[in-house]
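Q: Sequence and predicted structure below; questions after.
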Amino acid sequence: MYRIRVRVPAEMQTAVEEMLLGIADATRVRIDGDDVEVFGYSYRQPNAGEFAAALTGTGIRAQAFQLETVPDDDWVTQGLTRLPRVRAGRFVLRGSHLPAHLTARYDICIDAGPAFGTGHHPTTAMVIEILTGLAQRRFFPRLALDVGTGAGVLAIVMARLWRCPVLAVDHDPEAVACARENVARNRVTRWVDVVEADGCDATGQVFDAIAANLFAAPLRVMAPRLARSLSTGGYAALSGLLVRQRLPVLHAYANQNLAVRGVARREDWLTLVLARPRPRR
């Protein structure tokens, strides 16, 4: 088993845990005064170069982390048994070790595993709440997209809210396999199609609702493609960026003539709600 150890100031704990969840099977934190050590455990050897680049983007020195080989242990199972159920919007998200919620439509079973997205991170919860709010305002998309689906939770939420076709894409084959398993477990295979693809260019289709819970850098880079993929009158919920990273991302989407319809904040994380306005008559 591989372990990544990162020592950072306490205020960076959440950001580093988010990044580790993208490449590790489980994480844990050790608090040491004003600093914390964040550990990521992985059965596969992580890409140290990519992780170093991601750290540098947050202002953390790449030399601040170590990649180690450690004795094998079932860290995923240990982490799973500690995860409580979490409420987000109308939904209750839980691991398979917990009993189902009474309202089946709003019960989602997602186990911790190699793909990010159990609903416990603030970015995931904010997107779920935003999607729920759109549904409550009687917004009914004909076609929805989940970019970087990970474990598939946002695709499952959109299928449950709107019962419309949802395309869930991820470039990681393990995430695709995990998402397909969760889609089947939550009985939404009728609506959700999970494919291995990069970003918004999976099919060239136009979507009425788009969810993208990524990082600031890919959100900024994919702005032209996402804008082309969003229908007139459609909404996009973008998450995974820190408060201090908002201006470049906002600027990128303003250049694509998308309007900001809402901003949600939780801890140091932001979620943006963007729309393509209908032309004035």
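A: Perfect, I can see it now. On a predicted model such as this, the values are computed, not experimentally measured, just so you know.
Q: middle-most residue in the chain, spatially?
A: Compute the mean C-alpha point of the chain, and by C-alpha atoms, centre = their mean the closest residue is N213, 3.6 Å away.
Q: Which residue, other than its chain neighbours, is closest to it?
A: S239 (4.5 Å; C-beta to C-beta, 6 or more residues apart in numbering). To be clear about C-beta, it is placed using only N, CA and C from the backbone, and glycine gets the same treatment.
Q: That neighbour: what's it in contact with?
A: With contacts taken as C-beta atoms under 8 Å, 6 or more residues apart in numbering, S239 has the following neighbours: 123-124, 126-127, 212-214, 269-272.
Q: Give me the pLDDT for it.
A: For S239, the pLDDT comes out at 93.
Q: what do you get for V70?
A: Among the per-residue scores, V70 shows a pLDDT of 65.
Q: ditto for G119
A: According to the prediction, G119 has pLDDT 62.
Q: ok so, going back, max pairwise distance over the contacts of S239: which two?
A: Farthest pair in these (C-beta to C-beta) is T124 and L272. Separation: 14.8 Å.
Q: Looking at these two, which is more packed in?
A: A direct count of neighbours by other C-beta atoms under 10 Å for T124 and L272 places T124 higher, at 27 against 23.
Q: The more buried one sits in which helix or strand?
A: helix 122-136 (DSSP states H and E).
Q: I'd assumed F39 was in contact with R5.
A: Yes: the criterion here is C-beta atoms under 8 Å, and R5 meets it with F39 at 5.6 Å.
Q: With neighbour numbers in mind, choose between those two.
A: Between R5 and F39, counted using other C-beta under 10 Å, F39 has the larger neighbour count: 19 against 15.
Q: With the flanking residues excluded, which residue is spatially nearest to that one?
A: The spatial neighbour of F39 that comes closest, neighbours along the chain excluded (C-beta to C-beta, 6+ apart), is R28 at 5.1 Å.
Q: Pull up the per-residue confidence for the one you found.
A: 70.
Q: Counting neighbours, what do you get for it?
A: Using other C-beta under 10 Å as the criterion, the residues surrounding R28 number 16.
Q: Same question for E267.
A: By other C-beta under 10 Å, neighbour count at E267 equals 14.
Q: Show the contacting residues for the residue lying closest to it once chain neighbours are set aside.
A: Once flanking residues are discounted, E267 sits nearest to P122: 5.4 Å by C-beta to C-beta, 6+ apart. Residues in contact with P122 (C-beta under 8 Å, 6+ apart) are 14, 266-267, 269.
Q: again, only this time at 7 Å
A: Residues in contact with P122 (C-beta atoms under 7 Å, 6 or more residues apart in numbering) are 266-267, 269.
Q: Out of those residues, which one has the lowest pLDDT?
A: Within the set of these, pLDDT is lowest for E267 (81).
Q: got the buried residues for stretch 194-202?
A: Going by neighbour count (16 or more other C-beta atoms under 10 Å), the buried part of stretch 194-202 is 194, 197, 199-200, 202.
Q: Just the residues you listed: which are in strands?
A: Using DSSP state E, the members of the buried residues of stretch 194-202 that fall in strands are V194.
Q: Which of the buried residues of stretch 194-202 sits closest to R138?
A: Compare each of these with R138 using C-beta to C-beta and the shortest gap goes to C200, at 25.9 Å.
Q: ok, that closest one touching V221?
A: No: with contacts counted by C-beta atoms under 7 Å, C200 stays clear of V221, the gap being 11.0 Å.
Q: What separation is there between P277 and L270?
A: Distance check for P277 against L270: by C-beta to C-beta, to the nearest Å, it reads 21 Å.
Q: So the two - more neighbours on which side?
A: Each of P277 and L270 has its neighbours counted (other C-beta under 10 Å); L270 has more, 24 against 11.
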